[in-house]
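In: based on what follows, work out the 3D shape:
(one chain, ligands or ions: 1)
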Amino acid sequence: MSHVFPRHTKSNLPTVARGEGVYLYDQSGKQYFDGSGGAAVSCLGHGDPDVIAAIKGQLDSIAYAHTSFFTSDPAEQLADKLISHAPEGIDRVYLVSGGSEAMEAALKLARQYYVEIGQPQRRHVIARRQSYHGNTLGALATGGNEWRRAPFAPLMVETTHISPCFEYRGKRDEETTLEYGIRVADELEAEIRRLGEDSVFAFVAEPVVGATAGAVPAVEGYFKRIREICDRYGVLLILDEVMCGMGRTGKLFACEEDGVAPDIIAIAKGLGAGYQAIGAMLCSAKIYGAIEDGSGFFQHGHTYVGHPTACAASLAVLSKLTDGGLVDRSAEMGGKLQAALVQAFGQHPNIGDIRGRGLFRGIEIVEDRETKAPFAPERGINKLLKKETFAAGLICYPMGGTIDGVRGDHILLAPPFILEDNHIDEIVTKLGTAIGAVL
Ligand code: PLP
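Out: Now for the predicted structure:
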């Protein structure tokens with residue numbers, strides 16, 4: 001009998017035995033194509049020799065030392081490299097162990113910033129419905145998934161939610177895409193005014209919404225408008241790139257495509273590519289300066305902040321993404337994947353939308369293409385798809401999401417950036433088998 005506490009207590013999972021390139025193998029020898037990199041983590045695939053060598057090299061010198069006493073070369077080099085590629089104004093890197101930790105750090109830093117500069121009354125956060133920012137209490141309070149939040153309410157962070165920018169579901173026939181983006185962005189201004197012009201410290205959003213909606217990018221102009229509104233009311237813009245960052249969308253930082261520079265960015269997942277548990281919160285020189293000139297102490301911290309072995313692994317990952325050209329490959333192969341998905345499923349009566357950027361793709365499942373009506377949740381379409389894709393030897397991320405009260409199903413694809421053309425055929429074939437069995 002197992003003593004491991006699984007998330008789904010009734011699950012009966014195979015035991016993973018090894019990984020090689022884009023494939024995972026269980027103990028019976030069954031091969032699985034890792035079409036979602038776990039949860040958009042394994043951007044380099046499995047068994048990368050350079051990352052493994054970097055980890056081994058670091059273990060031979062120093063595995064871990066606490067950051068109260070030491071900095072380390074891998075942490076310094078990783079921070080330098082991240083900043084050399086980061087959006088304008090971003091200047092400091094706080095290294096943590098995962099996405100939720102990165103978001104907690106982001107929220108606490110934003111709040112502390114306003115305390116340091118004498119505006120402690122700014123205690124509200126605004127986020128968007130149909131968002132996920134992590135499972136620790138602060139991140140959970142910020143996320144826009146009611147079903148995740150409900151058992152833990154009341155949550156400690158005062159968050160309210162506005163509409164996401166979700167063209168397929170939200171755009172009205174009579175408006176242009178640009179008008180739609182401006183309309184939903186302007187909800188932020190209305191919400192700031194409703195709460196009180198000097199009472200909001202941050203607005204939080206994923207540039208491309210991941211698990212809760214299925215790779216949904218904002219429309220052109222949306223984030224520029226959001227940036228203007230944040231600047232007008234002195235609200236910090238926190239972008240959660242935990243899932244969509246690190247080249248997943250074809251740019252190292254997803255917000256590059258939107259042409260905006262946030263005040264704070266959270267990254268994780270692809271930063272360690274699954275070789276080590278690592279995340280990071282990046283902030284502007286202005287925010288860091290307020291702490292430095294004020295109390296000089298960020299009221300936050302975890303034992304494994306700046307873990308040298310995790311940083312060494314991440315540095316090797318980042319080198320492959322940037323100098324090794326894998327971010328560009330994500331853009332190129334992502335275009336091919338999109339074309340193949342549209343070719344195979346674009347006319348399917350139950351596929352409403354195929355979208356995304358780079359190697360971050362979402363397929364929305366509907367009962368009726370005309371009305372966009374989703375299947376009833378009791379049908380459990382996403383669960384059936386998960387079962388059938390897994391049986392066909394494809395790991396992907398079928399999920400159910402709720403958009404303004406409408407429960408829907410989607411499949412998220414986030415394969416390793418090293419995939420070849422024939423792997424795209426394999427994804428499409430296996431997905432076709434599963435879709436054929438369920439829909
Ligand atoms: N933010 C986003 C957008 C995510 O997708 C996730 C995880 O899926 C998180 C935060 C939380 O990251 P972690 O699971 O590493 O704590």
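
In: what is the burial count for the residue of the stretch 251-400 of the chain at minimum distance from the ligand?
Out: Closest approach between the stretch 251-400 of the chain and the ligand, counting by Cβ to the nearest ligand atom: Ala268, at 4.8 Å. Just so you know, the C-beta spots here come from the backbone N, C-alpha and C atoms, and that holds for glycine as well. Ala268 is flanked by 28 other residues according to other Cβ atoms under 10 Å.

In: need the residues of the stretch 251-400 of the chain near the ligand, please.
Out: With Cβ under 6 Å from any ligand atom as the criterion, the stretch 251-400 of the chain comes near the ligand at residues Ala268.

In: where do the strands sit along the stretch 251-400 of the chain?
Out: Assigned by DSSP state E, counting those that start in this stretch, the strands in the stretch 251-400 of the chain fall at 264-267, 279-284, 351-357, 360-365, 394-395, 397-403.

In: ranking these by mean pLDDT, which is last?
Out: Mean pLDDT values for the strands of the stretch 251-400 of the chain show the minimum at strand 397-403, a mean of 74.

In: please identify the buried residues of the helix or strand following that strand?
Out: Sequence order places strand 406-413 as the next helix or strand after strand 397-403, per DSSP states H and E. Neighbour counts over strand 406-413 (16 or more other Cβ atoms under 10 Å) mark 408-413 as buried.

In: which residues does His46 bridge with?
Out: In this structure, His46 bridges to Gly21 when assessed by DSSP bridges.

In: and it, what is it in contact with?
Out: Contact analysis of His46 by Cβ atoms under 8 Å, 6 or more residues apart in numbering lists 18-24, 34, 274, 416.

In: that one and Pro416, how far apart?
Out: Distance of His46 to Pro416, computed by Cβ to Cβ, to the nearest Å: 8 Å.

In: any common contacting residues for the two?
Out: 21-22, 34.

In: what is the nearest of those residues to Ile52?
Out: Proximity of the shared contacts of His46 and Pro416 to Ile52 was ranked by Cβ to Cβ; the top entry is Gly21 with 13.4 Å.

In: tell me both backbone torsions, phi and psi, for the closest residue to the ligand within the chain.
Out: Scanning the chain for the residue nearest the ligand gives Gly99, at 2.1 Å (criterion: Cβ to the nearest ligand atom). Note on Gly99: backbone dihedrals following degrees, to the nearest 10 are phi -70, psi -40.

In: Glu101 too?
Out: Per degrees, to the nearest 10, the backbone of Glu101 is at phi -60, psi -40.

In: same thing with Gln31?
Out: Here is the backbone geometry of Gln31 (degrees, to the nearest 10): phi -100, psi 140.

In: what is the burial count for it?
Out: Using other Cβ under 10 Å, Gln31 has 10 other residues around it.

In: lovely, talk soon.
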